[in-house]
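> just the structure for this:
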Amino acid sequence: MTEGGGSGQPAVAGGPAPHIPVLGAPVAEFLNLHDDGIYVDATFGAGGYTRAMLARAACRVIGIDRDQSAIARGFDLVEASAGRLTLIEDRFSNLETVAHSCGVDAIDGIVFDLGVSSMQLDQPERGFSFRFDGPLDMRMDKAGPSAADLVAQVSERDLASIIAMLGEERHARAVARAIVRTRSEAPIRSTRALADIVARVVRSKPGDIHPATRTFQALRIFINDELGEIAAALGAAERLLKSNGRLVVVSFHSLEDRIVKTFLNERSRVGGGSRHRPEVVRPQPSFSVLTKRPIVADADEIACNPRARSAKLRAAQRTDAAPQAGAMDDLLPRLPSLGDVMRGR
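Sure thing, here's the model as predicted:
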């Protein structure tokens, strides 16, 4: 845990932000920031949203990131925050435990910026991107099997399922077959080696995304259990938010957005039926959706930050109803766990 000490004044410096957060202005608006509020930046990253929160109100912020390097880069901001920022290295699915460790039982708002950060993509040694040649790693917290371990051990069938479902890659079977054939001759240890394998079987036209994009996305999501983390974190946010507290989520691809949309639809739905069927008895809605359609970046923001092109923001306000029970696994695609595929089950 990293925590600053001081007077608690709203002004905060901490040096220039390494990047401009995507949809930063609407995120701050939907959070409905106010003095003395307690907010969570569940994906601290470069601290862009946190800076905006601290500057906008005399509030307290808990920043979470599973990436140790992101927490380390936030030390200056902690010092400049005059005691209003606490940084915790952890997964955001552990949101409740993190909040309780900070002496917090309820929060006024939370923001999630899903997926991999631009900083992680720009570090060749992290192995997230094929733009640079580096070790085939992709682990956000440097724990557990790496992407190199995955492509070295997992069966062709499981690889094809992972790439098809999490990468939405139409040529998943051909990609998996090529990986298995290549690894029988030599280990696949670098990002460039894997990208070259995929490019040989997935053809692309000028102007298309790189043919390895979907495969890299799938492996990264699977290695880090990103979708499982999202589902668990949404449930934790529901339990932790105060009445009228705000949930804001920025997602970057359809799998993430589908989970968020489905969760909010379920949690905001009232009883229904028809003249042919009895009314369905449902729990009282625990959220009121604030964005009938997702907020997207305008042309000016996309020109300044191309990453914003695929961003979708959804926001909701917590009601005073009790948190809803139910398995969050229903939000997830049906795939075996990382442990199971590594053991060949």
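
> domain parsing of the protein, as residue ranges.
Per automatic domain parsing, the domain ranges recorded for the chain read 2-118+226-331, 142-223.

> mean confidence for the longest one?
Spelled out, it's domain 2-118+226-331. Regarding domain 2-118+226-331, the rounded mean pLDDT is 89.

> returning to that earlier point: could the domains of the chain go into CSV alongside distance to residue 340 and mean neighbour count?
Where C-beta positions appear, they are placed from N, C-alpha and C, glycine not excepted. Below are the domains of the chain laid out as CSV (distance: least, Cβ to Cβ, whole Å; neighbours: other Cβ atoms under 10 Å):
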stretch, distance to residue 340, mean neighbour count
domain 2-118+226-331, 13, 19
domain 142-223, 9, 18
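
> can the ones you listed go into CSV with extra columns for distance to residue 135?
Formatted as CSV, these follow (distance: least, Cβ to Cβ, whole Å):
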stretch, distance to residue 135
domain 2-118+226-331, 15
domain 142-223, 6
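
> among those, which is nearest residue 339?
For the domains of the chain, the distance to residue 339 is smallest for domain 142-223, at 8.8 Å, taking Cβ to Cβ.

> show the average pLDDT along that closest one.
pLDDT averaged over domain 142-223 gives 93.

> and of the domains of the chain, who's closest to residue 338?
domain 142-223 (6.5 Å).

> first-to-last residue distance for that closest one?
Counting by Cα to Cα, to the nearest Å, you get 10 Å between the two ends of domain 142-223.

> can you check stretch 56-63 too?
Taking Cα to Cα as the measure, stretch 56-63 stretches 16 Å from start to finish.

> ok now it, how far from the chain's centre?
Chain-centre distance of stretch 56-63: 21 Å, with Cα atoms, centre = their mean, to the nearest Å.

> residues contacting it, please?
8-10, 28, 33-41, 44, 47, 50, 53-54, 71, 74, 81, 84-88, 98-99, 102, 104, 107-108 (Cβ atoms under 8 Å, 6 or more residues apart in numbering).

> tell me which of the residues you listed fall in strands.
Secondary structure from DSSP state E places 38, 39, 40, 41, 85, 86, 87, 88, 107, 108 of the contacts of stretch 56-63 in strands.
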